[in-house]
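**Q** Next one to model:
(2 chains)
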Number of protein chains: 2
Amino acid sequence: VKGNRFMKIIGEKINGTRKHVGQAIKDRNADFIRTLAKDQVEAGADYLDVNAGTSHDREGDDLVWLVETIQSVLDTPLCLDSANPQALTVAIKATNKTPMINSISGEPNRLEHIVPIAAENNCPVIALAMDDKKIPESSAVRVSIIQELLEATRQAGIPDKHMYIDPLVMALSTNTQSGEVFFDTIRTIRKDAPETHFTAGLSNISFGLPARSYINRAFLTLAIAAGLDSAVLDPMDKELMRALLAAQLVLGHDRFCRNYITAYRAGEFSTQ
Amino acid sequence: VKGNRFMKIIGEKINGTRKHVGQAIKDRNADFIRTLAKDQVEAGADYLDVNAGTSHDREGDDLVWLVETIQSVLDTPLCLDSANPQALTVAIKATNKTPMINSISGEPNRLEHIVPIAAENNCPVIALAMDDKKIPESSAVRVSIIQELLEATRQAGIPDKHMYIDPLVMALSTNTQSGEVFFDTIRTIRKDAPETHFTAGLSNISFGLPARSYINRAFLTLAIAAGLDSAVLDPMDKELMRALLAAQLVLGHDRFCRNYITAYRAGEFSTQ
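**A** Predicted structure coming up:
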């Protein structure tokens, strides 16, 4: 599914909080990281999320090493996943292409220290619909947090088209309206701020439930219909990527059905 | 997925235009028909579509035989699939439970002869958004056909809640907006006539394309979001039924996630 024309896919797998990845970072195992990067791009990633997952004082060095290691074999843009302004600053300097920043939120500390870095470096930025680490239950509160956030980012000189709003996915197992809250948040913000993008990590929707992959696929399909145009996901999950291709086709986003048919011819539907 | 609380599933498999079924009808092979009926109900069918698929003069006898054969082992309501008023009249007399009628349309002949049968017998009825056998390209024309149809059925005494509107599914391979036309038709009619139901045969959406089952699942998921609350489908297609359960869960229709979890515990997710 290389060169997907529609959704921006942010590959989630280079994350140091995952055991094997954390070990590879500690061991400076470049081959491991390069393979993880190449496999995701081959499977359709447009950006690669890079999360060192290490302690505050090591994070800068580890992020720079990850950036340089990936860039030694790929020119895919990166999504620097950190709340640490110092680490972000040195990692951005190490990038060859303008990276995305993951993430800001209504939390005053992130607003104050990370927004200026994104503005100075002209970085697209993921913005979480939360405040001081609480995730609001209602769509209305999430919308108002995002509206305040957009005022701050506009004032800092970040254009709306660089904003990737993450409405935040809560588990259906704790509230069966979690999907609707997410979709409503997108639909409301789209009306006010039509230039913004929307992104999300998907899998939390199915937390605590069985047969999770079916729930994740239905959620992705319905979120695209609501306006999601980016996602942080595992592009090597073939069933999820097939659902994504099919959703875009059915929603009329796939001119001449070309992307779907091309993916089929490339064998994307032929293996588990 | 027995006793699905949400979508009304109309099992499509007892259709004489399918080769083995046509042969079984000809041979009066009751075991074959009974098995096909029981398997579909076991898999989640709320209604069983019954289409003799035979010539006009045989259709009444064949439908009555099918009705009696199925009713000898099941009390699931039937959906009599015929455009033949005489055949419908005798078949309705043979049923133990009020059947659904599949179908009427804007075609004057069906309007004149089948609407009164549905009204007299208090039957729910599937209404196709077409006129004289042409399927309109646009949503606007389909909506206006349905609006005229609803005037006629109301005048005949059929309440809106007995109407199952089929907006008609056209292939994405001939028009990539076919999905959107379908969803728009549902959304528009729902506003005017909130008591009506919506149904469809799904699989035409993917006609002429590869990897059809993924397209059918995405279409079902998005159609439920638009308001589809019934479908004529193969309930033995496990992946389709799983997609249906997941869609209803993500859309907040599954209180306490109970239906999804119950299906999981019943093994609905454990086999191909």
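**Q** going forward, measure contacts between C-alpha atoms and count neighbours the same way
**A** Will do.
**Q** quick one: the helices in chain A?
**A** Under the criterion DSSP state H, chain A carries helices at the ranges A:19-26, A:30-42, A:56-71, A:85-94, A:108-120, A:139-155, A:178-192, A:212-226, A:238-250, A:258-265.
**Q** export those to CSV and tack on distance to chain B?
**A** Shown next, in CSV, are the helices of chain A (distance: least, C-alpha to the nearest C-alpha, whole Å):
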stretch, distance to chain B
helix A:19-26, 29
helix A:30-42, 21
helix A:56-71, 33
helix A:85-94, 36
helix A:108-120, 31
helix A:139-155, 15
helix A:178-192, 6
helix A:212-226, 5
helix A:238-250, 5
helix A:258-265, 7
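**Q** Mind putting those helices into JSON lines with distance to residue B:160?
**A** Rendered in JSON lines, the data for the helices of chain A read as follows (distance: least, C-alpha to C-alpha, whole Å):
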{"stretch": "helix A:19-26", "distance to residue B:160": "58"}
{"stretch": "helix A:30-42", "distance to residue B:160": "51"}
{"stretch": "helix A:56-71", "distance to residue B:160": "61"}
{"stretch": "helix A:85-94", "distance to residue B:160": "60"}
{"stretch": "helix A:108-120", "distance to residue B:160": "54"}
{"stretch": "helix A:139-155", "distance to residue B:160": "33"}
{"stretch": "helix A:178-192", "distance to residue B:160": "28"}
{"stretch": "helix A:212-226", "distance to residue B:160": "28"}
{"stretch": "helix A:238-250", "distance to residue B:160": "29"}
{"stretch": "helix A:258-265", "distance to residue B:160": "39"}
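**Q** Turn the ones you listed into TSV, including mean pLDDT and mean neighbour count.
**A** Output for the helices of chain A, formatted as TSV (pLDDT from 0 to 100; neighbours: other C-alpha atoms under 10 Å in any protein chain shown):
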stretch	mean pLDDT	mean neighbour count
helix A:19-26	97	16
helix A:30-42	98	18
helix A:56-71	97	19
helix A:85-94	98	19
helix A:108-120	94	18
helix A:139-155	96	18
helix A:178-192	97	20
helix A:212-226	98	23
helix A:238-250	97	23
helix A:258-265	95	17
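**Q** surely residue A:222 meets residue B:221?
**A** Yes: with contact defined as C-alpha atoms under 8 Å, residue A:222 and residue B:221 form a contacting pair (7.3 Å).
**Q** Residue A:89 - nearest residue in space that isn't next to it in sequence?
**A** Leaving aside its chain neighbours, residue A:89 sits nearest to residue A:117 (7.1 Å; criterion: C-alpha to C-alpha, 6 or more residues apart in numbering or on different chains).
**Q** related to what we said a few turns ago, nearest to residue B:176, out of the helices of chain A?
**A** helix A:238-250 (7.3 Å; C-alpha to C-alpha).
**Q** when you compare where the closest one runs with where helix A:258-265 runs, what's the angle?
**A** Orientation check (axes from the mean of the first three to the mean of the last three C-alpha atoms, to 10 degrees): helix A:238-250 against helix A:258-265 gives 150 degrees.
**Q** Quick one: distance of helix A:238-250 to the chain centre.
**A** 17 Å (C-alpha atoms, centre = their mean, to the nearest Å).
**Q** Show me what it is packed against.
**A** helix A:212-226, helix A:258-265, helix B:178-192, helix B:212-226 (3 or more C-alpha pairs under 8 Å, 6 or more residues apart in numbering or on different chains; DSSP states H and E).
**Q** how many neighbours does the closest residue in space to residue A:167 that isn't next to it in sequence have?
**A** Residue nearest to residue A:167 in three dimensions, not counting chain neighbours: residue A:129, with 5.1 Å by C-alpha to C-alpha, 6+ apart. Residues near residue A:129, counting by other C-alpha atoms under 10 Å in any protein chain shown, number 28.
**Q** Does residue A:129 touch residue A:169 like I think?
**A** No: Residue A:129 is beyond contact range of residue A:169, at 10.0 Å (criterion: C-alpha under 8 Å).
**Q** Report the separation between residue A:25 and residue A:95.
**A** Plainly put, residue A:25 is 18 Å away from residue A:95 if you go by C-alpha to C-alpha, to the nearest Å.
**Q** longest strand anywhere in chain A?
**A** Criterion DSSP state E: the longest strand present in chain A is strand A:8-15.
**Q** Mind checking the pLDDT average for that one?
**A** For strand A:8-15, mean pLDDT rounds to 97.
**Q** What pairs with it, parallel or antiparallel?
**A** strand A:47-51 (parallel), strand A:230-233 (parallel) (DSSP bridges).
**Q** How about residue A:223, nearest residue that isn't a chain neighbour?
**A** Closest residue to residue A:223 apart from its sequence neighbours, by C-alpha to C-alpha, 6+ apart: residue A:183 at 6.2 Å.
**Q** ok, now residue A:208?
**A** That would be residue A:173: by C-alpha to C-alpha, 6+ apart, it lies 6.0 Å from residue A:208.
**Q** Please apply the same query to residue A:187.
**A** The shortest distance from residue A:187 to any non-neighbouring residue, by C-alpha to C-alpha, 6+ apart, is to residue A:226 (6.1 Å).
**Q** The one you found reaches residue A:182, doesn't it?
**A** No: Residue A:226 sits out of contact with residue A:182 when judged by C-alpha under 8 Å, with a separation of 9.0 Å.
**Q** Specify the beta-bridge partners of the most centrally placed residue in chain A.
**A** What sits nearest the mean C-alpha location of chain A, by C-alpha atoms, centre = their mean, is residue A:232, with 3.3 Å. Here residue A:232 sits in beta bridges with residue A:10, residue A:201, going by DSSP bridges.
**Q** Could you report the pLDDT at it?
**A** For residue A:232, the pLDDT comes out at 97.
**Q** Report the contact partners of it.
**A** A:9-12, A:49, A:199-202 (C-alpha atoms under 8 Å, 6 or more residues apart in numbering or on different chains).
**Q** And the residue nearest to residue A:187, how far from residue A:181?
**A** 11 Å.
**Q** before we move on, what about residue A:77?
**A** 31 Å.
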